[in-house]
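please find the sequence and the predicted model below.
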Amino acid sequence: MNMKRIKLISAKQFTAWCIIFSLVFVTIFYSLLSVTDTVIAAGTGGIKGTRLPAGYVTQEQMKLAYPWKDLDEGAVYDVMRKAQDGQKVTIALIGGSITKGTISMGSRDGTFRDKFTYADYFSNWWYKTFPKADLRFVNAGISATDSYLGVHRLQADVLDKKPDLVVVEFAVNDQQTYFHKQTYENLVRTLLDSDSKPAVMLLFLAKANGHTCQIQQAQIGKHYRLPMLSYANVMKDLVSKGIYTMDELTGDAVHPSALGSAVIGEMIVRYLDNIHNKSVGQVIRKKAPKTYVTSRMYKNAQVKSCKNINIKNSGTFAPSQKSRIFPDNLTSKKGSGSLTFTVTCKNLGLLYARQSDGKGGEFDIYVDGRKVTTLDADYPEGRLNNYLTGAVCYSSKVKKSHTIRIVKNKKSAGSELTIFGVLVSG
């Protein structure tokens, strides 16, 4: 009798634990399905906490972090005053994978109990400093993206949220070219000219090999007198003086480690503290110029979904869902391609997948019957099967309807191409 009773109790306990486990699993599963890039905290003092980094950056290195003079910190200061009053404040960050939250495994990462990104430290400062504010954060970081794609997705990913402050980070993913200088400036100008007139801060990071677009992007920042911060300068100083090794600051040559993120985080926190501690009379207020360093190019830029283009002939392309971020794709797995569609614009680009599985092919792009470029979807050096990238296809001073045709190159070894979307402006 006693043995039966024990078994009966154990069975009940087992059933109870199964029910609890199922409820927990379902809760976690649906929470993952409903992940949002907008985090809301109404007077909570923060969601992730208020822990902030300290002791990684010296005062001399802070001078290297922001060596530029006569920048306009007034707009950022006004956002802080708004938060101090307990009002609703929306803050957005746009950039690549570092902004999104990718952390590499540096040689000292084992010493960090919690691995926070610079975006975490940035948001925690606002939560800790303004516990009564209605703070909303929008993380618009997308891995492997540059300011060319950034200016096209800016409206939907950032401006539609009516931000009060926007942090821009593209110094690692951009290249040191006039093209990226122009796309970066147009992104900044679109922010400054938008309806919500947000404060804009520029953040300059760098790869382990020293690559950064800080010089050309800082030229844009100085022109518009925007607050700027350079981790590129601080990282170089830390390594050259033997304070930290590059293996400690980054484990994959691109993304900061937990230590590198803490350095960036402290740099940002101390800079924000410096602005916050100023009185109204100490804040520099200067009107930004209306002129361009480069030229205006990407007016009304957007990423058009493949379902929103006027398809005349789909050829061997079929609807697909290869991207969660940019849904409603078109994929050709075999055949000639021969996708034909029309769009109205001045400037045209294509957002497509580069594949590391060896199946990506070369496809010729024709605009109004003239071949303008060739897309190479093969990416043998990559680790991700669908590495998205944007390609410029056509530019004009006149806005009109264009017919685009995508055909597989006759010499192509691969056979596949996925189009994520069409980049249009003008």
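Great, that's in hand.

phi, psi for the residue most central in space within the chain please.
By C-alpha atoms, centre = their mean, the chain has its centre lying nearest to residue 141, at 2.1 Å. Taking degrees, to the nearest 10, you get phi -80, psi 130 for the backbone angles of residue 141.

any idea how far it is from residue 320?
Per C-beta to C-beta, to the nearest Å, residue 141 is found 25 Å from residue 320. Bear in mind the C-beta positions are built from the backbone N, C-alpha and C, glycine included.

can you give me the neighbour number for residue 238?
24 (other C-beta atoms under 10 Å).

what does residue 320 give?
Neighbourhood size, residue 320 [other C-beta under 10 Å]: 18.

begin at 36 from now on, thanks
Shifting the count to begin at 36 puts that one at residue 355.

sketch out the low-pLDDT regions of the stretch 236-385 of the chain for me.
Flagging of the stretch 236-385 of the chain using pLDDT under 70 yields an empty set of residue ranges.

all helices of it, in order?
Secondary structure of the stretch 236-385 of the chain, counting by DSSP state H, counting those that start in this stretch: helices at 249-258, 266-275, 281-284, 293-311.

phi, psi of residue 327?
According to degrees, to the nearest 10, residue 327 has phi -100, psi 150.

grab the nearest non-local neighbour of it.
Counting by C-beta to C-beta, 6 or more residues apart in numbering, residue 327 lies nearest to residue 220, which is 6.4 Å off, once chain neighbours are set aside.

what's in contact with the strand or helix carrying residue 401?
According to DSSP states H and E, residue 401 maps onto strand 397-402. Residues from elsewhere that reach strand 397-402 (C-beta atoms under 8 Å, 6 or more residues apart in numbering): 367, 372, 383, 385, 406-413, 426, 428-429, 437-444, 446-449, 452.

swap in 6 Å and give it another go.
372, 406-411, 428-429, 437, 439-444, 447, 452 (C-beta atoms under 6 Å, 6 or more residues apart in numbering).

neighbouring strands - and their directions - for it?
If you go by DSSP bridges, strand 397-402 pairs up with strand 405-411 (antiparallel), strand 422-443 (antiparallel).

circling back to that earlier point, just the buried ones from the contacts of strand 397-402, in ChimeraX syntax?
The following ChimeraX line selects those of the contacts of strand 397-402 that are buried, judged by 16 or more other C-beta atoms under 10 Å:
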select :372,407,408,410,411,428,429,437,439,440,441,442,443,444,447,452
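
ok, residue 461 - contacts?
Here residue 461 is in contact with 334, 380, 381, 382, 434 (C-beta under 6 Å, 6+ apart).

isn't residue 220 right up against residue 329?
Yes - using C-beta atoms under 6 Å, residue 220 is in contact with residue 329, at 5.1 Å.

mind listing the helices for the stretch 86-235 of the chain?
According to DSSP H, counting those that start in this stretch, the stretch 86-235 of the chain carries its helices in the segments 94-100, 109-119, 132-135, 153-164, 182-192, 213-227.

out of the ones you listed, flag the one nearest residue 126.
Proximity to residue 126, assessed across the helices of the stretch 86-235 of the chain by C-beta to C-beta, is greatest for helix 153-164 (6.8 Å).

picking up where we left off before, the helices of the stretch 86-235 of the chain: which one's closest to residue 234?
With C-beta to C-beta as the measure, helix 109-119 is the member of the helices of the stretch 86-235 of the chain nearest residue 234 (3.4 Å).

in the closest one, what counts as buried?
Quick answer for helix 109-119 (16+ other C-beta under 10 Å): 109, 110, 111, 112, 113, 114, 115, 117, 118.

other SSEs contacting that helix?
strand 234-239, helix 293-311 (3 or more C-beta pairs under 6 Å, 6 or more residues apart in numbering; DSSP states H and E).

quick check: pLDDT value at the spatially closest residue to residue 402 that is not a sequence neighbour.
Distance criterion C-beta to C-beta, 6+ apart; nearest residue to residue 402, sequence neighbours excluded, is residue 429 at 4.6 Å. For residue 429, the model assigns a pLDDT of 97.

partner residues bridging residue 429?
Assessed by DSSP bridges, residue 429 has beta-bridge partners residue 383.

okay but it is in contact with residue 383, surely?
Yes - under the criterion of C-beta under 6 Å, residue 429 makes contact with residue 383 at 4.2 Å.

show me the contacts for the spatially closest residue to residue 150 that is not a sequence neighbour.
Distance criterion C-beta to C-beta, 6+ apart; nearest residue to residue 150, sequence neighbours excluded, is residue 293 at 4.2 Å. For residue 293, the contact set (C-beta under 6 Å, 6+ apart) comprises 138, 144, 147, 150.

and if we set it to 10 Å?
Taking C-beta atoms under 10 Å, 6 or more residues apart in numbering, we find residue 293 in contact with 88, 138-141, 143-152, 283-284, 286.

returning to what we had before: reformat the contacts of residue 461 into TSV and put distance to residue 226 and neighbour count next to each item.
Shown next, in TSV, are the contacts of residue 461 (distance: C-beta to C-beta, whole Å; neighbours: other C-beta atoms under 10 Å):
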residue	distance to residue 226	neighbour count
334	14	14
380	21	22
381	21	19
382	19	20
434	23	15
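
okay, these in CSV with distance to residue 341 next?
What follows is the contacts of residue 461, written out as CSV (distance: C-beta to C-beta, whole Å):
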residue, distance to residue 341
334, 23
380, 15
381, 20
382, 18
434, 21
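
need the overlap of contacts for residue 220 and residue 329.
251, 254, 255, 258.

minimum distance to residue 156: which of the strands paired with strand 397-402 has it?
strand 422-443 (27.7 Å).

how close does the closest residue to residue 362 other than its chain neighbours get to residue 366?
With sequence-adjacent residues excluded and distances taken as C-beta to C-beta, 6+ apart, residue 362 is closest to residue 356, at 5.9 Å. To residue 366, residue 356 is 9 Å away according to C-beta to C-beta.
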